[in-house]
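Starting from these lines, generate the structure:
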Amino acid sequence: MKILILTHSYPDARLRWRGIFVKEQALALAENNDVTVVYFRVDYSSFAPFGKYGFERRDSVAYRHPFGTH
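This next block holds a predicted model:
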């Protein structure tokens, strides 16, 4: 059987621990199958879905129900 594994998590020279589960599963499947692993790297340094938003913690703000007290 031919198996294709697509992953963003796979061990490399810098982060040998990352994706070790994927690697171990691929090796186990490869014992009886034709396995291809496609590893794509994600650059999280430029990935900022909330980059234009700011978050701040406010402990002293009380919640007020919009329709009076309930």
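
Now do the strands in the chain.
2-7, 34-39 (DSSP state E).

Could you report the neighbour count for Val22?
Residues near Val22, counting by other C-beta atoms under 10 Å, number 18. (C-beta placed from N, C-alpha, C; glycine too.)

Repeat that for Gly19.
The burial count assigned to Gly19 is 19, neighbours taken as other C-beta under 10 Å.

Please tell me how far it sits from Leu27.
Here Gly19 is placed at a distance of 12 Å from Leu27 (C-beta to C-beta, to the nearest Å).

the helices in this structure, which residues?
20-29 (DSSP state H).

Low-confidence regions, it specifically.
43-70 (pLDDT under 70).

Please repeat the previous calculation with a cut-off of 80.
For the chain, the stretches with pLDDT under 80 are 41-70.

sorry, back to before: which of the strands of the chain has the highest mean neighbour count?
Across these, averaging neighbours per residue (mean count of other C-beta atoms under 10 Å) puts strand 34-39 on top, at a mean of 14.

So which of the strands of the chain is nearest Ala13?
strand 34-39 (12.5 Å; C-beta to C-beta).

Please identify the buried residues of stretch 18-30?
19, 22-23, 25-26 (16 or more other C-beta atoms under 10 Å).

Restrict that stretch to CA atoms and write it as CSV.
Taking C-alpha atoms only, stretch 18-30 is exported to CSV below (Å, rounded to 0.1, in the frame of the first residue of the first chain):
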residue,chain,number,x,y,z
ARG,A,18,9.7,18.0,17.1
GLY,A,19,7.4,15.6,15.4
ILE,A,20,9.1,12.5,16.7
PHE,A,21,5.7,10.8,16.9
VAL,A,22,5.2,11.3,13.2
LYS,A,23,8.6,10.0,12.4
GLU,A,24,8.1,6.9,14.5
GLN,A,25,4.7,6.2,12.9
ALA,A,26,6.1,6.6,9.4
LEU,A,27,9.0,4.2,10.2
ALA,A,28,6.5,1.6,11.6
LEU,A,29,4.2,1.9,8.6
ALA,A,30,7.2,1.7,6.2
